[in-house]
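K.L.:
Please find the sequence and the predicted model below.
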Amino acid sequence: EATHRIKHYLSEHNSMFAAKLFNQVLQELAILGFVALCFFAFSTAGGFDVLNHKIFGTSHGGHHDFHGPWDGHTIPELGVMFEQLHFVLFNIMVLYIATFVW
């Protein structure tokens with residue numbers, strides 16, 4: 001509903017550039033949302049545990065190299081790397097779009 005109102009407002013005020021920019025932002029957010037959903041599903045299914053073990057092996061103590069043992073939860077290092085990459089891509093997208101707005 002809100003996106004429809006914004007598109008309608010932009011089309012009524014003959015702002016084609018803003019309308020195209022708004023559509024592009026929605027598309028980028030949808031793509032990043034899909035990537036986040038895939039990441040969550042893969043992580044929840046234990047995929048990063050398996051990949052982390054195959055890529056990095058085990059540490060000197062015989063345990064997997066896990067990151068962030070807060071409240072008994074551990075995150076494979078590979079999962080942390082993908083999460084950081086996801087945030088970097090999102091910030092690049094925001095900066096890229098911001099350069100066209102200002």
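P.N.:
Perfect, thanks for sending it.

K.L.:
Now do the same for residue 6: its pLDDT.
P.N.:
Note on residue 6: pLDDT of 81.

K.L.:
which secondary structure element contains the residue nearest to the spatial centre of the chain?
P.N.:
Central residue of the chain (C-alpha atoms, centre = their mean): residue 86, 3.9 Å from the mean position. Following DSSP states H and E, one finds residue 86 within helix 77-101.

K.L.:
centre of the chain versus that helix, how much separation?
P.N.:
Taking the mean of its C-alpha atoms, helix 77-101 sits 7 Å from the chain's own mean (C-alpha atoms, centre = their mean, to the nearest Å).

K.L.:
Show me what counts as buried in that helix.
P.N.:
77-79, 82-83, 93 (16 or more other C-beta atoms under 10 Å). (Each C-beta comes from the backbone N, C-alpha and C, glycine too.)

K.L.:
which of these lies closest to residue 53?
P.N.:
residue 78 (9.3 Å; C-beta to C-beta).

K.L.:
State the three-state secondary structure for the closest residue to that closest one other than its chain neighbours.
P.N.:
Of all residues not flanking residue 78 in the chain, residue 52 sits nearest, at 4.4 Å (C-beta to C-beta, 6 or more residues apart in numbering). Following DSSP: H, G, I helix; E, B strand; the rest coil, we place residue 52 in the helix state.

K.L.:
any idea of the mean pLDDT in the helix holding residue 86?
P.N.:
80.

K.L.:
Number of residues surrounding residue 1?
P.N.:
5 (other C-beta atoms under 10 Å).

K.L.:
The longest helix that the chain contains - contacts with which helices or strands?
P.N.:
Of all the segments assigned as helix in the chain under DSSP state H, the longest by residue count is helix 16-44. Packing partners of helix 16-44 (3 or more C-beta pairs under 8 Å, 6 or more residues apart in numbering; DSSP states H and E): helix 2-12, helix 77-101.
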